[in-house]
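[1] need coordinates for the below:
(one chain, ligands or ions: 2)
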Amino acid sequence: MRKFFVLVGSVLAAVAHAQTPAQDRLKAIQADPVALRAAVDAGKKTTFFCANCHGEEGISKTPEVPNLAGQNPAYLLEQIRKFGSGERKDQFMQGLIKVLKDEERVQVAQYYASIKVPPSRADAAQVARGKELFGKLCARCHGEQAHGNELYPRLAGQKLPYLQTSITRYRDGTGIRNNQLMSIATATLKNEDVVAVANYLTQLP
Ligand code: HEC
Ligand code: HEC
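    Ligands and ions are numbered 1, 2, ... in the order given. As a prediction, the model looks like this:
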């Protein structure tokens, strides 16, 4: 029963992000093709510095740095908010994100979301087992193809080491990233399961 309340509470917390002014602004821009085009163009300019780590066009060349291309814009905006508030920990990102104004955050999220992300190579021996685990434990939120939606991030094509690190952090309750839904979903994973599921996800188109 207690687990049920924790779940309901987290679902509400996850849904709540759709109601911030920045999320409302994102929706308004998405509903207006001219404003959307302008936001993507402005976002591209703002991200010249981000490209040092997240790569040209949001496709990272560094294993520990996530791709941002193809990610859901509502999720990106929510993570930017979390770095800004300190709910998500990364020394560099927490400092950097403070310089972005609200409108720039929306533009950056929209820019990265507008780019396609290519799949990466994976260990074929791991993929089948990873697929099974994903179908059982993850697909109901992240989607059958792992493409996500405005509440759940896209995982398809994400960097392998970043996926492994992130999943492990939720599972182990390190405090670097906190999300009840993810703590519950990953609780039963062994280290070799994490490797398998990450290999499956990185090679998905
Ligand atoms: C010095 C390298 C560096 C630069 C420059 C940088 N980032 Fe990051 N960023 C990272 C790392 C590393 C992470 C992953 C942190 C973690 O492990 O949770 C990250 C994570 C993120 C995430 C979360 C992605 C996800 O899938 O959850 C977003 C959003 C993000 N960065 C946006 C930006 C934006 C926008 C800029 C430019 C204004 C930027 N970053 C510049 C290193 C960088
Ligand atoms: C009940 C819904 C739910 C289930 C089931 C679920 N997730 Fe998640 N997942 C989320 C939410 C919500 C987030 C964003 C959390 C945050 O803001 O840190 C997330 C975030 C993630 C991230 C971080 C992505 C990024 O770009 O940083 C990874 C990786 C991930 N999930 C993998 C998995 C895997 C693997 C499973 C199955 C073992 C799984 N998830 C099951 C809801 C879920």
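[2] tell me the mean pLDDT for the strand or helix carrying residue 140?
    Element membership for residue 140, per DSSP states H and E: helix 139-142. Mean pLDDT, computed over helix 139-142, is 98.
[3] please apply the same query to stretch 23-34.
    96.
[4] ok so, going back, tell me which other helices or strands the helix or strand following the helix holding residue 140 touches.
    Note on helix 139-142: by DSSP H and E, the next helix or strand toward the C-terminus is helix 160-172. Packing partners of helix 160-172 (3 or more Cβ pairs under 8 Å, 6 or more residues apart in numbering; DSSP states H and E): helix 180-186, helix 191-202. C-beta: built from backbone N, CA, C; applies to glycine.
[5] for residue 41, find the nearest of those.
    Among the helices and strands packed on helix 160-172, the nearest to residue 41 by Cβ to Cβ is helix 191-202 (30.0 Å).
[6] run through who's touching the closest one.
    Identification of contacts with helix 191-202 by Cβ atoms under 8 Å, 6 or more residues apart in numbering yields 119-123, 126-127, 129-131, 133-134, 138, 146, 155-160, 163-164, 167-168, 171, 186, 189.
[7] give me that answer again for 7 Å
    120, 122-123, 126-127, 129-131, 133-134, 146, 155-160, 163-164, 167-168 (Cβ atoms under 7 Å, 6 or more residues apart in numbering).
[8] how about that helix: buried residues?
    Residues of helix 191-202 classed as buried under the neighbour-count rule (16 or more other Cβ atoms under 10 Å) are 193, 194, 195, 196, 197, 198, 199, 200, 201, 202.
[9] run the angle between that helix and helix 160-172 for me.
    If you take axes from the mean of the first three to the mean of the last three Cα atoms, to 10 degrees, helix 191-202 sits at 130 degrees to helix 160-172.
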